[in-house]
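Asks: build me a model:
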Amino acid sequence: MNWETIGQNLLLLAVGIVTAWNVWRANKNTATLNKVHLLVNHQMEMTQKSLAEVSMAKYLLTKDPMDKAAADAAMAAYLKHIERKSPIDTNETT
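Replies: Predicted coordinates:
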């Protein structure tokens with residue numbers, strides 16, 4: 001019986017088990033992070049949509065050009081967010 005070879009094999013087995021466990025844990029963390037990212041993106045979308053709607057309502061009441069500019073900027077930010085998050089949502093839900 002060669003104790004050196006047995007020791008080397010046990011060491012390789014231990015390294016393999018630890019590596020497999022770390023891969024499993026990383027995959028689990030990635031799935032959780034993707035869910036959190038999806039949730040945060042959705043909340044940002046709702047916030048920007050609300051801001052765009054409120055800004056437009058304010059402009060319709062005041063007819064102030066500054067309010068119109070603010071409403072347009074809020075809508076542009078909302079639409080840009082929608083455009084940027086769409087591919088992310090597609091990747092995270094698959």
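
Asks: run the chain-centre distance for the helix or strand hosting Lys35.
Replies: Lys35 belongs to helix 3-62 when assigned by DSSP states H and E. With Cα atoms, centre = their mean, to the nearest Å as the basis, helix 3-62 stands 7 Å off its chain's centre.

Asks: over to stretch 43-63?
Replies: Worked out by Cα atoms, centre = their mean, stretch 43-63 lies 24 Å from the chain centre.

Asks: any buried residues in it, and which?
Replies: Gln48, Lys49, Leu51, Ala52, Ser55, Met56, Tyr59 (16 or more other Cβ atoms under 10 Å). C-beta here means a position set from N, CA and C on the backbone, and glycine is covered the same way.

Asks: contacts for that stretch, please.
Replies: Applying Cβ atoms under 8 Å, 6 or more residues apart in numbering, the contact partners of stretch 43-63 are Asp67, Lys68, Ala70, Ala71, Ala73, Ala74, Met75, Ala77, Tyr78, His81, Ile82, Lys85.

Asks: which one of those is nearest to Ala20?
Replies: Of all the contacts of stretch 43-63, Ala20 sits closest to Lys85, with 33.9 Å by Cβ to Cβ.

Asks: from Leu11, how far out is that closest one?
Replies: Distance of Lys85 to Leu11, computed by Cβ to Cβ, to the nearest Å: 47 Å.

Asks: so those two - more neighbours on which side?
Replies: Counted by other Cβ atoms under 10 Å, Lys85 and Leu11 do not tie: Lys85 has more neighbours, with 18 against 10.

Asks: which residues touch the more buried one?
Replies: Per Cβ under 8 Å, 6+ apart, neighbours of Lys85: Asn41, Met44, Glu45.

Asks: one step back: out of the contacts of stretch 43-63, list just those in strands.
Replies: With DSSP state E as the criterion, strands contain none of these.

Asks: from these, which ones fall inside helices?
Replies: Under the assignment DSSP state H, these contribute Asp67, Lys68, Ala70, Ala71, Ala73, Ala74, Met75, Ala77, Tyr78, His81, Ile82, Lys85 to helices.
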